[in-house]
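**Student:** Output the structure for:
(2 chains)
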Amino acid sequence: MNKALQNLSIPQEATPDRKAESDKDLELVRRVQEGDKEAFGQLVSRYQRKVFTIALGVVKNPDDAMDIAQDAFIKVHRYIGNFQGSSSFYTWLYRIIVNLCIDHLRRLGNQGTMDFDEKIGQLESGRDGVPTLASGAGGNPSRELGRKELAKHIRHAVDALPPYHRAVIIMREVEGMSYADMAKAMRVSKGTIMSRLHHARQKLQRSLGEYLDGDLVVK
Amino acid sequence: MEHVTREMLEQYHDGELRGRGAGAVESHVAACPQCKTELGKLGRMRNFLVLMSESEVADVSFEGFASRVDARIERERRPELGERLSVWLGEFFEHRRVVWIPAAVAVAAVLAVVLAIPFVSGGPAVAPLPAGGGIRLASAPPAAPVEGRTVGSEIASVSYGSLSGMVFEVADGRGGTAAVVWINENR
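**Tutor:** Numbering: from 1, shown residues only, chains lettered A, B, ... in the order given. Alright, predicted model coming up:
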């Protein structure tokens, strides 16, 4: 890669490490399928934080995210006998998480907290109002911000995204998933993933405004 | 200068653009401050999101998480009361089939005879004590002890395969009598 680009963006490609991780997962899955309880414990340990991160990214509430993380592993245990290994374990696991998150949001929608389907409709048309970070941070982005304070502002911007946009942006940027894996996890085409990512980034860029211009110092 | 598309920039940023496509973006960005800035924003956005995620998850304790998952799996493994009862009954009858099935058939046969007598004989009747063999009894409790028969005595003997039994007539405590079918288990 051109050296001048290295400081700008680091493409996250599938690495040999990921392949090794995937092989390790499959070995653990095989052992769980044979009734090895310890192997299941290892799978939980390997993925509990990632599962929670994605769930939190989508449902926003930490308690709900923790419940969903537990539910995800219960489902993994229940259906692991059906897992054939045609996709990687984490793709399969992330599909479970996304489905649980979507179910959760639908239930909330049914309780009147949010009309989930309406939100989904809005996301494609770009009608949802995304707050700007500048307004959330007091209108002066050219200043120092503590990590936690900045994290809160980013969270505010992410929360304003529709659920599917939150899911793809977290899966891609935080978990480093490929388009193909996200497409499998969300059961949509790669084109849909690219479109959702694009819309999510556009909205975040508007929302985060001048903080992305580079004059923000994070303490 | 013709810029690379936003989609190409994003694909490059995501590591999804390989070979000549990636090379084209790199050469263009090296010479185009505007696209370089856009690529820089994508990189910073990623850094922000990672920072947010790390900051939120860093304080979360996963101590006991695996145990809670295990506990829920264990609870899920324990069947509900109805299911447990069903399994228990299934096993019970499985192990005692030899006794229970013939016994149930015998009882059903006796009851069928008892219920059929009134219709065959044209109405309720009190049968005298049998001289021996067969099944003969009162189909309905009479209002008073039947003449010629001692209440509590055996009315009839029944047999079915290896099982045998008796039919008694007993006082019902209201001045009448009632028929009792008794099956012995002969194993």
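**Student:** quick one, phi psi at the residue in chain B that chain A sits nearest to?
**Tutor:** Distances between chain B and chain A by Cβ to the nearest Cβ are smallest at B:Gly15, namely 3.3 Å. The way it works is simple: take the backbone N, C-alpha and C, and place the C-beta from them, glycine included. Main-chain torsions, B:Gly15, degrees, to the nearest 10: phi 70, psi 20.
**Student:** count of neighbours near it?
**Tutor:** 19 (other Cβ atoms under 10 Å in any protein chain shown).
**Student:** Show me the beta-bridge partners of B:Ala156.
**Tutor:** For B:Ala156, the beta-bridge partners under DSSP bridges are B:Val167.
**Student:** Grab the nearest non-local neighbour of B:Lys41.
**Tutor:** Nearest non-adjacent residue to B:Lys41, counting by Cβ to Cβ, 6 or more residues apart in numbering or on different chains: A:Leu212, 4.3 Å away.
**Student:** Looks like that neighbour contacts B:Asn47 (just checking).
**Tutor:** No: using Cβ atoms under 8 Å, A:Leu212 is not in contact with B:Asn47; the gap is 9.9 Å.
**Student:** more crowded one of the two?
**Tutor:** A count of neighbours by other Cβ under 10 Å puts A:Leu212 above the other of A:Leu212 and B:Asn47, at 24 against 16.
**Student:** any idea how far that one lies from B:His3?
**Tutor:** Applying Cβ to Cβ, to the nearest Å, the value for A:Leu212 to B:His3 is 18 Å.
**Student:** Same check on A:Lys148?
**Tutor:** Per Cβ to Cβ, A:Lys148 is found 37 Å from B:His3.
**Student:** wait, is B:Ser164 part of a strand?
**Tutor:** Yes: per DSSP: H, G, I helix; E, B strand; the rest coil, B:Ser164 lies within a strand segment.
**Student:** Name the nearest residue to it, ignoring sequence neighbours.
**Tutor:** In space, and not counting its chain neighbours, B:Ser164 is closest to B:Asn184: 5.4 Å by Cβ to Cβ, 6+ apart.
**Student:** Same check on A:Gly41?
**Tutor:** Closest residue to A:Gly41 apart from its sequence neighbours, by Cβ to Cβ, 6+ apart: B:Ala66 at 5.4 Å.
**Student:** so which strand or helix has the one you found?
**Tutor:** Secondary structure from DSSP states H and E places B:Ala66 in helix B:65-77.
**Student:** what is the rounded mean pLDDT of that helix?
**Tutor:** The average pLDDT within helix B:65-77 is 88.
**Student:** Ok, stretch B:42-50 next?
**Tutor:** 92.
**Student:** Can you give the domain ranges for chain A?
**Tutor:** A:16-114, A:116-219 (automatic domain parsing).
**Student:** could you pull out the helices for chain B?
**Tutor:** For chain B, the helices defined by DSSP state H cover B:6-13, B:19-31, B:33-58, B:65-77, B:81-95, B:97-121.
**Student:** and A:Met66, which of those helices is closest to it?
**Tutor:** helix B:65-77 (7.9 Å; Cβ to Cβ).
**Student:** Okay, now the unreliable bits of chain A?
**Tutor:** Chain A contains residues with pLDDT under 70 at A:1-16, A:110-145, A:214-219.
**Student:** For it, which segments count as helices?
**Tutor:** So, for chain A - with DSSP H - the helices run A:3-6, A:16-33, A:37-59, A:62-79, A:89-110, A:116-125, A:133-136, A:147-159, A:163-169, A:179-186, A:190-208.
**Student:** deepest of those helices, which one?
**Tutor:** Greatest average neighbour count among these goes to helix A:163-169 (a mean of 26), per mean count of other Cβ atoms under 10 Å in any protein chain shown.
**Student:** wait, does it contact chain B?
**Tutor:** Yes: judged by Cβ under 8 Å from any Cβ of the partner chain, helix A:163-169 and chain B are in contact via A:Ile169.
**Student:** Please save the CA atoms from stretch B:33-49 in CSV.
**Tutor:** Taking Å, rounded to 0.1, in the frame of the first residue of the first chain, the C-alpha atoms of stretch B:33-49 are listed here in CSV:
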residue,chain,number,x,y,z
PRO,B,33,-6.3,16.0,-1.7
GLN,B,34,-10.1,15.9,-1.8
CYS,B,35,-10.3,12.1,-2.0
LYS,B,36,-7.5,11.8,0.5
THR,B,37,-9.6,13.8,3.0
GLU,B,38,-12.6,11.7,2.3
LEU,B,39,-10.6,8.5,2.9
GLY,B,40,-9.2,10.1,6.1
LYS,B,41,-12.7,10.7,7.4
LEU,B,42,-13.6,7.1,6.8
GLY,B,43,-10.6,6.1,8.9
ARG,B,44,-11.4,8.5,11.7
MET,B,45,-15.0,7.3,11.7
ARG,B,46,-13.8,3.8,12.2
ASN,B,47,-11.4,4.9,15.0
PHE,B,48,-14.3,6.8,16.7
LEU,B,49,-16.6,3.7,16.5
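**Student:** mind listing what's buried in it?
**Tutor:** B:35-36, B:38-49 (16 or more other Cβ atoms under 10 Å in any protein chain shown).
**Student:** List of residues touching stretch A:22-30?
**Tutor:** The contact list for stretch A:22-30, computed with Cβ atoms under 8 Å, 6 or more residues apart in numbering or on different chains, reads A:39-40, A:42-43, A:46, A:80, A:83, A:85, A:88-90.
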